[in-house]
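**Q** Mind looking at a prediction? Sequence and model below.
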Amino acid sequence: MNAIDIHDLTGFSEPIKKLIEELSKGVGSVYEPTRIVQKAKAEAEALKITSRAEANASAESKMIAKFSELKLIPIEQRIKERVDFIEERRQRNIDNTVSYAIKQLPESVSKEHVDSDWMTNFINKCQDISNKEIQMLWGKILSSEVSNPGSFSYRSLEILSWMNKNDANLFQKYCSYVWSFGAVLSHSEMVWDFFYQKQGLRWDSIRNLESLGLTTTTNFGYLFQTGESKQFLYINDSFLFKNISGKKAFLEAYKLSKAGIELSKLCEVNQNSAYINALKSIYHDIFTINKV
């Protein structure tokens, strides 16, 4: 497949042109986007990784024969074939990620260039991600960075590269309870025992998110004077918390890390009315909680 001239991007939208130009800096050559763009427009399935093994070679005798043949192949050839296989798989991973990014691009993007070191770092990490769901997250990051350079830090890329599908699903669930100040209400262990654990957010799971660098369980929150009210945003609605305890009260929470806040932008979350009702029950003698 021939690489197109980076100076001749006729027919592509401005956001896609910019994405191609920025990717070219990261891969060290002109990035060939034609197949990916066509696939993105057609919403086609991601390309399957070609297997070099015999598809139906299940018989033990065949396997032994093949292994005997392998030992006759010069080591230089085996090295080349292994490297070619790895690089082919990596290229497919990059292509799939870029196709997801193209689908997410807005109609207009910033004219500011993406940092070339950031792009190289991005390519080096996403090339080894084969899971489609995680590739979609990497695609969202690339789209956001092209649209608005500086949206995601090196630390966020590092953390995402450590995450598997289960980690991503857990973080998505966790983010469905994050308030506008970037934290989940905790109230010691009461909220966990009363609500979160029933939603599949066990305490050891939260510790896992903390070990990844997404959250922190260090003390954080807001101090309310007697009778004081504060307004907070949960998903799309504002809620008024009023201290009715007759004394000072502290609204305790577990805060997302800086990288956690950045990566939470990738999560698609919906408001949970059962969560609000649970909070009202837990805090009934400390705060009233009412939608504004």
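**A** Sure, I can see it.
**Q** Which parts of the stretch 51-200 of the chain are helices?
**A** 60-72, 75-104, 116-126, 132-147, 154-162, 165-175, 190-194 (DSSP state H, counting those that start in this stretch).
**Q** The fifth one vs helix 132-147, what angle?
**A** Using axes from the mean of the first three to the mean of the last three CA atoms, to 10 degrees, the interaxial angle of helix 154-162 with respect to helix 132-147 works out to 160 degrees.
**Q** Okay, buried residues for helix 154-162 please.
**A** Along helix 154-162, these residues count as buried under the neighbour rule (16 or more other CB atoms under 10 Å): S156, L157, I159, L160, S161. All C-beta spots, glycine's among them, are computed from the backbone N, C-alpha and C.
**Q** Any regions of the stretch 1-150 of the chain where pLDDT drops low?
**A** 1-12, 25-73 (pLDDT under 70).
**Q** One more: the stretch 151-292 of the chain?
**A** 187-194.
**Q** gap between I102 and I20?
**A** Distance, I102 to I20, by CB to CB, to the nearest Å: 10 Å.
**Q** now do M163
**A** From M163 to I20 the distance is 27 Å (CB to CB).
**Q** how about the buried residues of helix 154-162 in JSON lines, adding distance to L223?
**A** JSON lines is the format used below for the buried residues of helix 154-162 (distance: CB to CB, whole Å):
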{"residue": "S156", "distance to L223": "30"}
{"residue": "L157", "distance to L223": "36"}
{"residue": "I159", "distance to L223": "31"}
{"residue": "L160", "distance to L223": "34"}
{"residue": "S161", "distance to L223": "38"}
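**Q** ok, V98 touching E22?
**A** No: V98 lies out of contact with E22 (CB atoms under 8 Å); the separation is 10.6 Å.
**Q** higher neighbour count, those two?
**A** Using other CB atoms under 10 Å as the criterion, V98 and E22 rank with V98 on top: 27 against 21.
**Q** In contact with the nearest residue to K265 once chain neighbours are set aside, which residues?
**A** Nearest residue to K265, sequence neighbours excluded (CB to CB, 6 or more residues apart in numbering): S144, at 7.2 Å. Counting by CB atoms under 8 Å, 6 or more residues apart in numbering, S144 touches Q104, S151, F152, K265.
**Q** Most neighbours among those residues, please name it.
**A** Going by other CB under 10 Å, F152 tops these with 22 neighbours.
**Q** Let me see the domain layout of this protein.
**A** 14-152, 166-291 (automatic domain parsing).
**Q** and the longest one, how far apart are its ends?
**A** Across its full length, domain 14-152 reaches 22 Å end to end, with CA to CA, to the nearest Å as the criterion.
**Q** same thing with stretch 238-247?
**A** Using CA to CA, one end of stretch 238-247 lies 24 Å from the other.
**Q** Now do that stretch: everything it contacts.
**A** Counting by CB under 8 Å, 6+ apart, 224-233, 249, 251, 276, 283, 285-292 sit against stretch 238-247.
**Q** do the same with stretch 104-117
**A** Against stretch 104-117 from outside (CB under 8 Å, 6+ apart): 13-16, 18-19, 22, 25-26, 139-140, 143-149.
**Q** Buried among those? Need that as a selection in PyMOL.
**A** Restricted to buried positions by 16+ other CB under 10 Å, the PyMOL selection for these reads:
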select buried, resi 15+16+18+19+22+25+26+139+140+143+144+145+146+147+149
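**Q** Nearest to K258, out of the helices of the stretch 51-200 of the chain?
**A** Among the helices of the stretch 51-200 of the chain, the nearest to K258 by CB to CB is helix 154-162 (7.2 Å).
**Q** could I get the closest one in CSV with only the CA atoms?
**A** Below are the C-alpha coordinates for helix 154-162, written out as CSV (Å, rounded to 0.1, in the frame of the first residue of the first chain):
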residue,chain,number,x,y,z
TYR,A,154,2.4,11.2,30.1
ARG,A,155,1.3,9.9,33.4
SER,A,156,-2.2,9.1,32.1
LEU,A,157,-0.7,7.3,29.1
GLU,A,158,1.5,5.2,31.4
ILE,A,159,-1.4,4.3,33.7
LEU,A,160,-3.7,3.3,30.8
SER,A,161,-1.0,1.1,29.4
TRP,A,162,-1.0,-0.9,32.6
